[in-house]
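Enquirer: Whatever this is, show me its structure:
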Amino acid sequence: MTYSQRRTPGHSVNEARSNLLLAAAAIISESGAGAATSRAIAEQAGENLAAITYYFGSKKRLLAEAHAHVARRLIQPVVETLTSERPPIERMLAATLQLNQILEGNRADLVGYTQALAAAAHDHESGQSLRSLHRELRAVLSEDIRAQQAGSHLPDWVEPEAMANLIIALVNGVAVTSATSNSDDFDAVRVAKQFTSLLAGSTTRPR
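Expert: Model (predicted):
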């Protein structure tokens with residue numbers, strides 16, 4: 001009998017898959033990827049151990065998707081703000097505030113995000129998932145930067161794609177430093193605000 005035949009009546013495929021994904025993401029954020037064993041994931045998800053292979057093909061693939069899920073949970077609210085109908089400068093300020101709130105109040109996700117970054121460096125599947133998310137964010141940021149330049153909120157010397165990459169690098173660096181430092185040593189909110197002020201206030205082309 002296959003796992004699909006043993007599944008509890010009324011327990012949908014999407015629900016079971018989601019349970020496993022959320023369980024793996026929670027374990028990664030709370031205890032690190034090393035604690036995300038197949039048995040621990042299945043127990044937390046309330047699913048059969050065989051469900052991991054059935055729905056994801058392997059635990060490795062499940063962890064890759066879980067890393068991407070944690071990263072998206074951190075970044076998606078900012079993307080949604082940057083694609084809202086607000087005026088360009090208001091979008092940037094709102095997105096900065098939102099990122100500040102995320103950095104202040106979601107330490108577990110920050111830890112999970114650093115795990116995702118680390119996994120992407122040596123795992124092809126995790127790397128693909130995270131790169132896809134970063135490409136999406138880069139496109140949104142580049143478009144927003146162009147809109148701000150059109151409204152004379154940012155100087156013409158700013159290169160949208162390069163600046164978008166710099167912002168992503170800053171977010172990644174801030175996330176890693178926030179997750180590994182005491183709040184007394186590193187104030188992520190002040191760092192984010194400082195960068196925004198520098199970008200919005202700079203009119204001189206760097207040499």
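Enquirer: does Ser126 really touch Ala68, like I thought?
Expert: Yes - A contact is recorded between Ser126 and Ala68 when judged using C-beta atoms under 8 Å, the distance being 7.3 Å. Where you see a C-beta, it was placed from the backbone N, CA and C, and this is true even at glycine.
Enquirer: Compare the two and say which is more crowded by neighbours.
Expert: Comparing Ser126 with Ala68 by other C-beta atoms under 10 Å, the one with more neighbours is Ser126, at 26 against 23.
Enquirer: And the helices in this structure?
Expert: Along the chain, the stretches classed as helices by DSSP state H are 3-6, 13-31, 38-45, 51-56, 59-82, 88-105, 107-122, 124-150, 160-180, 188-201.
Enquirer: Same list (the ones you listed) but as a markdown table, adding mean pLDDT.
Expert: Listed next are these as a markdown table, based on pLDDT from 0 to 100:
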| stretch | mean pLDDT |
| --- | --- |
| helix 3-6 | 46 |
| helix 13-31 | 91 |
| helix 38-45 | 96 |
| helix 51-56 | 95 |
| helix 59-82 | 85 |
| helix 88-105 | 71 |
| helix 107-122 | 80 |
| helix 124-150 | 86 |
| helix 160-180 | 83 |
| helix 188-201 | 70 |
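Enquirer: for Gly32, phi and psi?
Expert: Main-chain dihedrals, Gly32, degrees, to the nearest 10: phi 90, psi 160.
Enquirer: Same check on Thr83?
Expert: Backbone phi and psi, for Thr83 under degrees, to the nearest 10, turn out to be phi -100, psi 10.
Enquirer: how about the nearest residue to it, chain neighbours excluded?
Expert: Setting aside the residues directly before and after it, Thr83 is nearest to Val140 in space (C-beta to C-beta, 6 or more residues apart in numbering), at 5.9 Å.
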